[in-house]
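K.L.:
Fold the stuff below for me.
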Amino acid sequence: MKIYTKTGDTGKTSLLSGERVDKSDERIECYGTIDELNCYIGLLKELKINSKRKYFLNSIQENLFIIGSRIAAGNASEKVKASLPNMDKDSISALENHVDEMQLTLPALKNFILPGGHKDVAFAHIARVVCRRAERRLVGLESRVDEKFYIYNTYLNRLSDYLFVLSRKMSCELKVEENIWIG
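P.N.:
Below is the predicted model:
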């Protein structure tokens, strides 16, 4: 099977339903942003500092694929949608538990943090802002389609919190000073 199909050469692509849409369609933009986020999570997963978090970061990537597939389902039949993997509230609880665990060892937050301090930490901040963009895209999409994505909105919201705390934890573990915004 060839990787190129040439069916997208005119600026159209297919959803899982078979429906052809513009590549600029808000659904494509939404799951494209989630795919971008997934790439950054993959980058974070491969950083030496995150070797002990590799398994959890992998589970985040799997959940992002679930969200993307649900968005790509479009107007697919209920049979097709039922065949797709799903996510439950345990995935959100897992994020919250990891955030709580990391925060136990971090200094209290008294100021805004400027992204950076170390290249690896900056990658976590990039992932966080891409996550926020994905969340905005999903909220905007939800307001214009029939399907409700509440659990996925919640997951992305919690994931951005996780990525912020992860950036702080990485700073601590790398023994680099956080860039405090004095403003």
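K.L.:
all helices of this structure, in order?
P.N.:
For the chain, helices defined by DSSP state H occupy the ranges 26-46, 54-72, 78-83, 89-103, 119-142, 150-173.
K.L.:
Pull the residues that contact the fifth one.
P.N.:
By C-beta atoms under 8 Å, 6 or more residues apart in numbering, the residues outside helix 119-142 that reach it are 26-27, 29-30, 33-34, 36-37, 40-41, 43-44, 47, 49, 67, 71, 115-116, 148-149, 152-153, 156-157, 159-160, 163-164, 166-167, 170-171, 174, 176. (Each C-beta comes from the backbone N, C-alpha and C, glycine too.)
K.L.:
Report the buried residues of that helix.
P.N.:
120-121, 123-128, 130-135, 137-138, 141-142 (16 or more other C-beta atoms under 10 Å).
K.L.:
any idea how far that helix is from the chain center?
P.N.:
Chain-centre distance of helix 119-142: 6 Å, with C-alpha atoms, centre = their mean, to the nearest Å.
K.L.:
Compute the inter-axis angle for that helix and helix 26-46.
P.N.:
Comparing the axes of helix 119-142 and helix 26-46 via axes from the mean of the first three to the mean of the last three C-alpha atoms, to 10 degrees yields an angle of 160 degrees.
K.L.:
show me the contacts for the residue lying closest to Leu64 once chain neighbours are set aside.
P.N.:
Of all residues not flanking Leu64 in the chain, Asn38 sits nearest, at 4.5 Å (C-beta to C-beta, 6 or more residues apart in numbering). By C-beta under 8 Å, 6+ apart, the contact set of Asn38 is Gln61, Leu64, Phe65, Gly68.
K.L.:
which of those residues lies closest to Val80?
P.N.:
Closest approach to Val80 among the contacts of Asn38 (C-beta to C-beta): Gly68, at 14.8 Å.
K.L.:
Show me the shaky parts of this protein.
P.N.:
143-147 (pLDDT under 70).
K.L.:
again, 90 this time
P.N.:
Along the chain, the model assigns pLDDT under 90 to residues 1-10, 13-24, 27, 73-86, 109-111, 140-150, 179-183.
K.L.:
Can you flag the buried ones in the contacts of helix 119-142?
P.N.:
Buried members of the contacts of helix 119-142, counted by 16+ other C-beta under 10 Å: 26-27, 29-30, 33-34, 36-37, 40-41, 43-44, 47, 49, 67, 71, 115, 149, 152-153, 156-157, 159-160, 163-164, 166-167, 170-171, 174.
K.L.:
Output the contacts of Asn38 as TSV; include the columns neighbour count.
P.N.:
Formatted as TSV, the contacts of Asn38 follow (neighbours: other C-beta atoms under 10 Å):
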residue	neighbour count
Gln61	15
Leu64	26
Phe65	14
Gly68	20
